[in-house]
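> Next input, structure requested:
(4 chains)
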There are 2 protein chains.
Amino acid sequence: MSVYTEKNRKTKQLIQKSFMEILESKSFESITIGDITKTAQINRGTFYLHYQDKFDLLDQIEQQLFEDLGQHIDELQSRYSSTQTFEKEQEQLAATLFSFIEIHAPMLKIFLSDHGRAGFHIRFKNAVSTKVRFNLEKNESFTANLKVPMEYFLSFITSAFLGLIEQWVQNGLDKTPQEMTALYIDIILFIKKR
Amino acid sequence: MSVYTEKNRKTKQLIQKSFMEILESKSFESITIGDITKTAQINRGTFYLHYQDKFDLLDQIEQQLFEDLGQHIDELQSRYSSTQTFEKEQEQLAATLFSFIEIHAPMLKIFLSDHGRAGFHIRFKNAVSTKVRFNLEKNESFTANLKVPMEYFLSFITSAFLGLIEQWVQNGLDKTPQEMTALYIDIILFIKKR
DNA sequence: TCAATTTTCAACAGGTTGTTTAGTAGTACG
DNA sequence: CGTACTACTAAACAACCTGTTGAAAATTGA
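Down below sits the predicted model:
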């Protein structure tokens, strides 16, 4: 029984790996099921035994990514929560995000590019927003002093963060996650000083 | 002669209008040339007399949008340049951008959503970045004090701006461009005070 | 060995693409 | 007026991709 499950899992993984491979040189729009199964060296019909279509395939990869992201952040929260200042915690959150990005950089580079699927940056932003919102709302003085609607502030700050990520990934990860965190703090300080 | 040119122009416009119309209820990926020509009530072959394919069609609409954006900003620059402080000028630039967005909101709402084409937000960001960079580099004290690479700062700030735009458009333009400018300033002030 | 499961193979109808060829309607101009 | 030009139409074409099917083959379990 579990050998069947294992075989099933391996084929799905093979399909995903081949798919991501092709995605580096071809846009999602122009990739056909035939392209994928040819690379994976499996029958075209086999693809349909595992996925409804190529949208379903991408959906599942995306969902896995967002789940991983959530878990990565939750782990941090439970470890360091309330053992340090609010500012330090924000910094820690930033560092966690950057290290997550580093791990998944090849995938993110594609998904954020024009080879990916429309709207990914929005879905990614929402996934991050949920976590950031939770973190910010823990601090009462923060929410009390915020004069603008939370949704606008969240969209502002997570997009800004995503901007750094995009530049970083586009530059081929020219910095370490620690350097990126420092860079992020430097920008905030620069804005404060002006 | 000009009657031919005019007819040609009108057909292209009809195709573009029909295309944008369909794009509200169907994603770019799933739209066929047949969908477009059926809505426009023209022969399918006629489409190919004006565009290479649906990618070419979207490219031309996008390019027009970015040209308009550039012109909109350039106009502002030539009118108010150097007659006010750097900060006021930045504020003016923000206001100009928000008013441009308001005009093109229906199109932007689609292009930034999952009905659009992958990578649009990057291309849009680049178009805005070019203009913002020009504006920032005019101020020597600004560039002198900036410790982080300009590309990272630009990506950070234009993405943040794009985040506000996305939220605004998604909220169905619940504010005026003036209110959005004020909101933008409030966020900057909030970050400074903390 | 026999049954269950996964994958393969070939074929199918239906749809989309981009091109072509021939024909129609309107316009320009000597 | 008549000829040439232009935009568009209509229909057909091969090539390709889709998602599904039915039967067979290969792998694994008991």
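> list the contacts for A:N135?
Contact analysis of A:N135 by C-beta atoms under 8 Å, 6 or more residues apart in numbering or on different chains lists A:Q77, A:E89, A:Q90, A:L93. C-beta: built from backbone N, CA, C; applies to glycine.
> Looking at those, state which has the most neighbours.
With neighbours taken as other C-beta atoms under 10 Å in any protein chain shown, the top of these is A:L93, carrying 21 neighbours.
> how about that residue, secondary structure?
helix (DSSP: H, G, I helix; E, B strand; the rest coil).
> Let me know whether it touches A:R133 as I believe.
No - with contact defined as C-beta atoms under 8 Å, A:L93 does not count as touching A:R133 (11.7 Å).
> Quick one: low-confidence residue ranges for chain A.
A:1, A:81-82 (pLDDT under 70).
> ok, 80 please
Applying pLDDT under 80 to chain A flags the ranges A:1-4, A:80-83.
> State the distance from A:I110 to A:T130.
23 Å (C-beta to C-beta, to the nearest Å).
> which of those two has more neighbours?
Between A:I110 and A:T130, counted using other C-beta under 10 Å, the more crowded position is A:I110 (20 against 16).
> tell me which element that one falls in.
Using DSSP states H and E, A:I110 sits within helix A:105-112.
> How about that helix, which residues are buried there?
A:M107, A:L108, A:K109, A:I110, A:F111, A:L112 (16 or more other C-beta atoms under 10 Å in any protein chain shown).
> how close does the closest residue to the fifth one other than its chain neighbours get to B:K131?
In space, and not counting its chain neighbours, A:F111 is closest to A:F120: 4.8 Å by C-beta to C-beta, 6 or more residues apart in numbering or on different chains. Between A:F120 and B:K131 the distance, using C-beta to C-beta, works out to 25 Å.
> now do A:A144
A:A144 sits 36 Å away from B:K131 when distances are taken as C-beta to C-beta.
> Which one of those two is surrounded by more residues?
More crowded of A:A144 and B:K131, by other C-beta under 10 Å: B:K131, with 20 against 8.
> I'd assumed B:E75 was in contact with that one.
No - counting by C-beta under 8 Å, B:K131 sits too far from B:E75 to count as a contact (11.5 Å).
> quick revisit: I'd like the contacts of A:N135 laid out as JSON lines, including secondary structure.
Below are the contacts of A:N135 laid out as JSON lines (three-state DSSP):
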{"residue": "A:Q77", "secondary structure": "helix"}
{"residue": "A:E89", "secondary structure": "helix"}
{"residue": "A:Q90", "secondary structure": "helix"}
{"residue": "A:L93", "secondary structure": "helix"}
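> can you tell me which two in these are farthest apart?
A:Q77 and A:Q90 (12.3 Å; C-beta to C-beta).
> could the buried residues of helix A:105-112 be laid out in TSV, adding distance to DNA strand D?
Formatted as TSV, the buried residues of helix A:105-112 follow (distance: C-beta to the nearest atom of the strand, whole Å):
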residue	distance to DNA strand D
A:M107	21
A:L108	24
A:K109	24
A:I110	18
A:F111	19
A:L112	23
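> which bits of chain A sit near DNA strand D?
By C-beta under 7 Å from any atom of the strand, the residues of chain A that approach DNA strand D are A:1-4, A:7, A:32-34, A:44-45, A:48, A:52-54.
> B:R194 versus A:E89, what's the distance?
As for A:E89, its distance to B:R194 is 14 Å (criterion: C-beta to C-beta).
> How about A:V169?
For A:V169, the distance to B:R194 - C-beta to C-beta - is 28 Å.
> Between these two, which has more neighbouring residues?
A:V169 (22 against 13).
> Could you confirm whether stretch A:164-183 reaches chain B?
Yes - against chain B, stretch A:164-183 shows contacts by C-beta under 8 Å from any C-beta of the partner chain at A:L164, A:E166, A:Q167, A:W168, A:N171, A:L183.
> Who are the contact partners of the fifth one?
Applying C-beta under 8 Å, 6+ apart, we find A:N171 in contact with B:E151.
> for it, phi and psi?
Main-chain torsions, A:N171, degrees, to the nearest 10: phi -80, psi 10.
> Tell me the spacing between it and A:I101.
12 Å.
> Repeat that for the first one.
With the distance defined as C-beta to C-beta, A:L164 ends up 9 Å from A:I101.
> what do those two both touch?
By C-beta under 8 Å, 6+ apart, no residue touches both A:L164 and A:I101.
> Looking at these two, which is more packed in?
When A:L164 and A:I101 are compared for neighbours, A:L164 comes out ahead with 24 against 21, by other C-beta under 10 Å.
> Verify the stated contact: that one with B:F153.
No - using C-beta under 8 Å, A:L164 makes no contact with B:F153, being 9.4 Å away.
> Strands of chain A, start to end?
For chain A, applying DSSP state E gives no strands.
> Nearest to DNA strand D: which residue in chain A?
Nearest residue of chain A to DNA strand D, counting by C-beta to the nearest atom of the strand: A:V3, 2.9 Å away.
> Just checking the distance from stretch A:83-96 to the centre of its chain.
The chain centre lies 19 Å from the centre of stretch A:83-96; the measure is C-alpha atoms, centre = their mean, to the nearest Å.
> One more: stretch A:114-126?
10 Å.
> any idea how far A:F161 is from A:Q63?
Applying C-beta to C-beta to A:Q63 and A:F161 gives a distance of 21 Å.
> cool, A:M107 as well?
18 Å.
> and A:D35, what does it touch?
Counting by C-beta under 8 Å, 6+ apart, A:D35 has contacts A:I22, A:K26.
> Likewise for A:E102?
With C-beta under 8 Å, 6+ apart, A:E102 has these contacts: A:L173, A:T176, A:P177.
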